[in-house]
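> build me a model:
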Amino acid sequence: MTRTLDLTDPATGEVFGTSAVASESDVDKAMEAAAQAFAAWRRSTPAQRQLALLKIADALEARASEFADLEVRETGKIRSVVLEEEIPECVSALRFFAGAARHLEGTAAGEYAPGHTSVIRREPVGVCAQIAPWNYPLMMAVWKIAPALAAGNTVVLKPAETTPSTAVLLAEVAAEFLPSGAFTVLTGDRDTGRALVRHPVTALVSITGSTRAGIDVATVAAADLKRTHLELGGNAPLLVFPDVDLAATAEGIVGAAFYNAGQDCTAGSRVLVHASIHDDFVAALAKVAAAQTPGVDYGPLNSAAQFSRVEGLISRLPAHARIETGGSRFGSQGYYFFPTVISGVRQDDEIVQEEIFGPVVTVQSFSDEASGVALANGVPYGLASSVWTRDLAVATRVSAELDFGCVWVNTHGPLVAEMPHGGFGHSGHGKDLSAYAFAEYTRVKHVMTRFA
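As a prediction, the model looks like this:
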């Protein structure tokens with residue numbers, strides 16, 4: 001008998017359905033089908049792969065409302081945000097990688113030994129096991145499958161336990177344009193994911209998730225020397241210098257901090273403010289944050305477990321921390337949390353060092369560039385950061401010193417398909433989006449021919 005998992009609407013806390021838990025036998029069948037499909041898909045032309053991805057993009061765009069309904073039911077997101085921002089980004093990424101399929105750059109052929117010509121081939125890696133998170137279920141699925149398929153790989157994707165439906169629909173849509181077995185979705189739990197990672201057919205494992213999950217994947221993959229692509233947690237600092245417009249900067253930071261209820265690995269969760277404007281900026285930030293309305297400006301936390309985690313971080317705040325606004329549940333049903341601003345924290349506090357993944361920001365002060373950069377870099381994560389200043393010299397110096405895979409200046413959060421997204425340290429390794437992601441789903445082969 002097939003095991004199932006309950007699916008809960010985070011806006012109400014009520015169970016509305018179930019999803020199947022794939023068994024070891026299901027994993028074997030999916031991997032075997034992907035291996036068989038790879039034999040043909042790897043030999044398809046770039047033009048054929050481009051056309052398939054473009055058709056998938058068009059079909060997703062045409063069924064946007066259907067995808068949005070599923071996404072909102074399982075995440076509680078604001079429907080207009082899904083329709084107007086997230087789904088267009090999914091379509092854009094598919095179309096970008098469709099173009100990338102026909103633009104794989106490499107080293108020119110040449111004679112590096114007398115009488116011999118060398119050629120570099122970039123080839124698909126093979127069958128890719130991919131694990132997507134619950135904060136952006138559809139978008140992360142697209143970010144994973146698009147470069148992999150564009151490069152000629154086949155994919156078995158496991159969506160998060162709480163948000164499987166958009167991935168399943170994406171596979172149904174894509175099936176019309178791909179060979180059978182080229183893209184399969186398996187729903188399930190952590191054991192399903194581990195079975196995919198350790199399966200002998202798997203050539204590359206890609207996961208977007210927590211640092212803990214990434215370490216688990218890397219450990220299992222290492223036993224068979226599988227390649228890994230790890231896009232993990234974040235704890236982004238936002239350095240605010242004294243020459244900014246306080247009101248405008250507070251507005252920008254609130255948008256970066258509370259988008260998707262702060263459930264974003266790039267969320268602006270650590271605000272570092274120059275001491276000369278600290279008190280005024282905390283007041284401005286708290287005022288803008290307090291004007292945010294859960295259920296209108298952002299949705300609920302994803303699950304009871306995530307709600308408890310955020311609540312726990314707040315309950316364990318040290319005595320020197322001050323809650324300027326928020327800090328508790330919003331409403332009587334669902335997993336909504338008030339927008340929260342906390343000042344007075346110190347660098348070694350749990351809430352500063354740990355990824356929050358909720359609508360919560362902390363505020364610290366710094367005295368000069370060096371101390372600000374030290375605070376910013378003083379966490380294990382290295383995914384995203386931002387600098388807020390009108391001084392180009394300050395922005396240039398500080399952005400060079402920040403140990404994060406992305407640095408924004410006077411903004412925080414925008415992503416485009418043409419530019420890479422990925423981090424350092426406990427935020428993992430490997431890039432999503434851009435030509436860099438496409439290259440990660442290829443392997444390099446040297447072919448030398450003697451012609452003398």
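
> for the rest of this, base every contact and every neighbour count on C-alpha atoms.
Will do.

> phi first, then psi, for residue 269.
Per-residue torsions, residue 269: phi -100, psi -20 (degrees, to the nearest 10).

> what's the separation between the nearest residue to it once chain neighbours are set aside and residue 253?
Spatial nearest neighbour of residue 269, chain neighbours left out: residue 361 (4.5 Å); criterion: C-alpha to C-alpha, 6 or more residues apart in numbering. Using C-alpha to C-alpha, to the nearest Å, one gets 10 Å for the distance from residue 361 to residue 253.

> identify the contacts common to the two.
residue 268 (C-alpha atoms under 8 Å, 6 or more residues apart in numbering).

> quick check: what element follows the helix or strand containing the residue nearest to residue 269 along the chain?
Assigned by DSSP states H and E, residue 361 falls within strand 360-366. Following strand 360-366 in sequence order, the next helix or strand is helix 369-377 (DSSP H and E).

> chain center to that next one: distance?
Put simply, helix 369-377 sits 25 Å off its chain's centre (C-alpha atoms, centre = their mean, to the nearest Å).

> tell me the helices and strands packed up against it.
strand 237-240, strand 270-274, strand 360-366, helix 392-401 (3 or more C-alpha pairs under 8 Å, 6 or more residues apart in numbering; DSSP states H and E).

> take those and write them to JSON lines, including mean pLDDT.
Converted to JSON lines, these look like this (pLDDT from 0 to 100):
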{"stretch": "strand 237-240", "mean pLDDT": "98"}
{"stretch": "strand 270-274", "mean pLDDT": "98"}
{"stretch": "strand 360-366", "mean pLDDT": "98"}
{"stretch": "helix 392-401", "mean pLDDT": "98"}
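
> winner for burial among the ones you listed?
Most buried of the helices and strands packed on helix 369-377 by mean neighbour count (mean count of other C-alpha atoms under 10 Å) is strand 237-240; its value is a mean of 30.

> what lines up beside that strand in the sheet?
Note on strand 237-240: by DSSP bridges, its sheet partners are strand 270-274 (parallel), strand 384-388 (parallel).

> residue 57 is nearest to which of those strands?
Closest approach to residue 57 among the strands paired with strand 237-240 (C-alpha to C-alpha): strand 384-388, 27.9 Å.

> output that closest one as PDB, nothing but the C-alphas.
Provided in PDB are the C-alpha atoms of strand 384-388 (Å, rounded to 0.1, in the frame of the first residue of the first chain):
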ATOM      1  CA  ALA A 384      23.600  37.500  -0.600                       C
ATOM      2  CA  SER A 385      24.200  40.900   0.800                       C
ATOM      3  CA  SER A 386      23.700  44.600   0.000                       C
ATOM      4  CA  VAL A 387      25.200  48.000   0.500                       C
ATOM      5  CA  TRP A 388      23.100  51.200   0.900                       C
END
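
> okay, residue 127 and residue 181: tell me how far apart.
Residue 127 is 10 Å from residue 181, by C-alpha to C-alpha.

> what do these two both touch?
34, 35, 154.

> tell me the domain ranges of the chain?
4-232+425-450, 236-409 (the TED database).

> end to end on the shortest one, go ahead and measure it.
Its first and final residues considered, domain 236-409 spans 13 Å by C-alpha to C-alpha.

> for the longest one, same thing?
End-to-end distance for domain 4-232+425-450: 59 Å, by C-alpha to C-alpha.

> quick one: mean pLDDT for that domain?
What domain 4-232+425-450 shows for mean pLDDT is 97.

> gap between it and the chain center?
Taking C-alpha atoms, centre = their mean, one finds the center of domain 4-232+425-450 at 12 Å from the center of the full chain.

> likewise the shortest one?
Chain-centre distance of domain 236-409: 18 Å, with C-alpha atoms, centre = their mean.

> now residue 341, what's its secondary structure?
strand (DSSP: H, G, I helix; E, B strand; the rest coil).

> what bridges to it?
residue 325, residue 361.

> give me the neighbour count for it.
26 (other C-alpha atoms under 10 Å).

> ok, now how distant is it from residue 258?
Distance from residue 341 to residue 258, by C-alpha to C-alpha: 11 Å.

> repeat that for residue 397.
Distance, residue 397 to residue 258, by C-alpha to C-alpha: 28 Å.

> ok, residue 314 next?
Residue 314 is 16 Å from residue 258, by C-alpha to C-alpha.

> look up how far residue 61 lies from residue 334.
On the measure of C-alpha to C-alpha, residue 334 and residue 61 end up 30 Å apart.

> can you count the residues close to the closest residue to residue 231 other than its chain neighbours?
Nearest-residue entry for residue 231: residue 208, 4.7 Å, with adjacent residues in sequence omitted and distances by C-alpha to C-alpha, 6+ apart. The number of residues packed around residue 208, counting by other C-alpha under 10 Å, is 26.

> for residue 208, give me its contacts.
Residue 208 neighbours (C-alpha under 8 Å, 6+ apart): 131, 132, 133, 140, 214, 230, 231, 232.
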